[in-house]
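In: any chance you could fold what I've pasted below:
(one chain, ligands or ions: 1)
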Amino acid sequence: MGPRPHVAVIGLGSSLGDRRAALQLAVQALDALPGTRVTATSRIYLTRPMGAARGVFLNAAVRVSTRCSARGLLAACKAIEWRLGRRPAVPWGDRAIDLDLLLFDDRVRPGPGLTLPHPGLPSRRFALLPAQEVAADLWHPLLGLPLGALAVPPGSPPRIVGVLPRPDRCLAPARTPLYDRRHPPIGSPAMKLFLDTANIDEIREAHSWGIIDGVTTNPSLIAREGRDFIDAIAEICDIVQGPVSAETVSPDTEGIVREGRLLAQVSEHVVVKIPLTWAGLAATRVLADEGIDCNVTLCFSVNQALLAAKAGAAYISPFVGRLDDVGEDGTQLIEQIVGVYAYYPELGTEVLAASIRHPMHITQVALAGADVATLPFKVLNQLISHPLTDKGLAAFMKDWSTVPDNDITARVTRWLGDRGPAGKRR
Ligand code: E4P
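Out: Below is the predicted model:
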């Protein structure tokens, strides 16, 4: 028995290249996702460009029935956008294809990363008009009205330029990785770094360096600090403003779900960390279906990672160092999980390399394509150290001391003053 099918509405847009073909290919790619069917397509609307965009947009919407989680469907949409040629650009710029998750059941999720329902749905004509065509009967969970009853923001009459064709199953692409995380596309985000600690001083210091994306804790790390655990989690979330894993300790599904729901109320940044047991997987399914991100921990095999992804985990935490400790290859496990997940991006599970013991682990898991690595403060400090950096810096400073009038602040300020406001030297 898999997860029950969900109903979602996805808005499509394109302002670059063969816009009609891009919309059509996107529909086919969505329909080819496992457990997903496009059940209705809207007409195609011509929309004037907004923001930095210059090209005229074609907009449409589809309704899908899917067994993907909301995060999984979002990840699949991003992978389809990439495959159809979308590349990072200025916000609100022209784009080959844009897929927006507008509605997912009656799910309300404030974010970050995924906000449901899409905040722009009621106010953007180009999103609402096509969405009403495919989902007039679906309720907007925040406005308490079916989409069909929402007032369309004023504007000139919409220009319809065709109908988005229903997917042609014969042309549905065969299953191939949408992209290979071992060879990430240029412009994809770098591996995220989480700090593996519950020590507030370490977190504050690392956060001030501007390179920490989140934090992981576990019962041992919390116990080491000897302070109230929930105050600690709340404070860490306040500092980091990114995902913070807080682990459940109940042995049974009911207890894990109860603890997970409570922990998730502490902050929108809490990710519920759950041990990889049958009870844990069942709880992950329940919490993921409620829109709560889960980090399934204590993973030591590809099969365990597959189970966690199927249960809807937002993160899987394979323990690299502990595998090395027993004579296995922790990095190879990361590589294998990344390889397998690349075939199923719609699962949306990120590979979080844990139990990192030394700087080489970071290099290795980055080369293996991990989405995230969580590392102790000591290892983070070691990442920056290189004797040649120290030696090179000392030589630069020695040479600089021979440069006359070498106080940069004083000299540049004086030079700018001499140059005058018009940018010309007096
Ligand atoms: C983090 O998620 C893990 O709990 C942690 O990385 C385990 O590290 P260890 O094997 O060094 O205890």
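
In: so this structure: which segments form each domain?
Out: By the assignment in automatic domain parsing, the chain contains the domains 6-164, 192-384.

In: now the ones you listed in JSON lines, with mean neighbour count?
Out: Bear in mind the C-beta positions are built from the backbone N, C-alpha and C, glycine included. Formatted as JSON lines, the entries for those read as follows, by neighbours: other C-beta atoms under 10 Å:
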{"stretch": "domain 6-164", "mean neighbour count": "19"}
{"stretch": "domain 192-384", "mean neighbour count": "20"}
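
In: nearest to residue 417, of these?
Out: Distances from residue 417 to each of the domains of the chain were compared using C-beta to C-beta; the minimum, 31.5 Å, belongs to domain 192-384.

In: which bits of the stretch 151-300 of the chain sit near the ligand?
Out: Contacts of the stretch 151-300 of the chain with the ligand, taken as C-beta under 6 Å from any ligand atom, map to 196, 216, 218, 297.

In: turn those residues into CSV, including secondary structure.
Out: Supplementary listing: those in CSV, determined by DSSP: H, G, I helix; E, B strand; the rest coil:
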residue, secondary structure
196, strand
216, strand
218, coil
297, strand
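
In: export those to CSV and tack on pLDDT and distance to residue 259?
Out: Converted to CSV, these look like this (pLDDT from 0 to 100; distance: C-beta to C-beta, whole Å):
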residue, pLDDT, distance to residue 259
196, 98, 21
216, 98, 17
218, 96, 14
297, 98, 14
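
In: surely residue 165 meets residue 43?
Out: No - taking contact to mean C-beta atoms under 8 Å, the distance of 11.1 Å between residue 165 and residue 43 leaves them out of contact.

In: returning to what we had before: lowest average pLDDT across the domains of the chain?
Out: Taking the average pLDDT of each of the domains of the chain, the minimum falls on domain 6-164, with a mean of 87.

In: now do the end-to-end distance for that domain.
Out: Across its full length, domain 6-164 reaches 22 Å end to end, with C-alpha to C-alpha, to the nearest Å as the criterion.

In: neighbouring contacts of stretch 133-142?
Out: 7, 9, 40-43, 61-63, 103, 106-108, 117, 121-122, 145-148, 150 (C-beta atoms under 8 Å, 6 or more residues apart in numbering).

In: filter those down to the ones in helices?
Out: Taking DSSP state H as the definition of helices, the contacts of stretch 133-142 contribute nothing to them.

In: could you dump stretch 200-215 to PDB, C-alpha only?
Out: The C-alpha coordinates for stretch 200-215 follow below in PDB (Å, rounded to 0.1, in the frame of the first residue of the first chain):
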ATOM      1  CA  ILE A 200      25.300  27.600  21.100                       C
ATOM      2  CA  ASP A 201      28.700  29.300  21.100                       C
ATOM      3  CA  GLU A 202      30.000  27.100  18.200                       C
ATOM      4  CA  ILE A 203      26.800  27.700  16.300                       C
ATOM      5  CA  ARG A 204      27.000  31.500  16.800                       C
ATOM      6  CA  GLU A 205      30.600  31.600  15.700                       C
ATOM      7  CA  ALA A 206      30.100  29.400  12.600                       C
ATOM      8  CA  HIS A 207      26.900  31.300  11.700                       C
ATOM      9  CA  SER A 208      28.800  34.600  11.800                       C
ATOM     10  CA  TRP A 209      31.100  33.300   9.100                       C
ATOM     11  CA  GLY A 210      28.100  33.200   6.700                       C
ATOM     12  CA  ILE A 211      28.600  29.600   5.400                       C
ATOM     13  CA  ILE A 212      26.300  27.600   7.700                       C
ATOM     14  CA  ASP A 213      22.900  26.500   6.100                       C
ATOM     15  CA  GLY A 214      21.500  24.500   9.100                       C
ATOM     16  CA  VAL A 215      22.200  22.400  12.200                       C
END
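
In: which SS class is residue 327?
Out: Residue 327 is classified as coil under three-state DSSP.

In: returning to what we had before: of all the residues of the stretch 151-300 of the chain next to the ligand, which comes closest to residue 69?
Out: Comparing these against residue 69 with C-beta to C-beta picks out residue 297 as the nearest, at 18.5 Å.

In: ok, that closest one to residue 196 distance?
Out: Residue 297 sits 11 Å away from residue 196, going by C-beta to C-beta, to the nearest Å.

In: what touches both of these two?
Out: Overlap between the neighbourhoods of residue 297 and residue 196 consists of residue 354, taking contacts as C-beta under 8 Å, 6+ apart.

In: residues in contact with residue 158?
Out: Neighbouring residues of residue 158 by C-beta under 8 Å, 6+ apart: 45-46, 125, 129.
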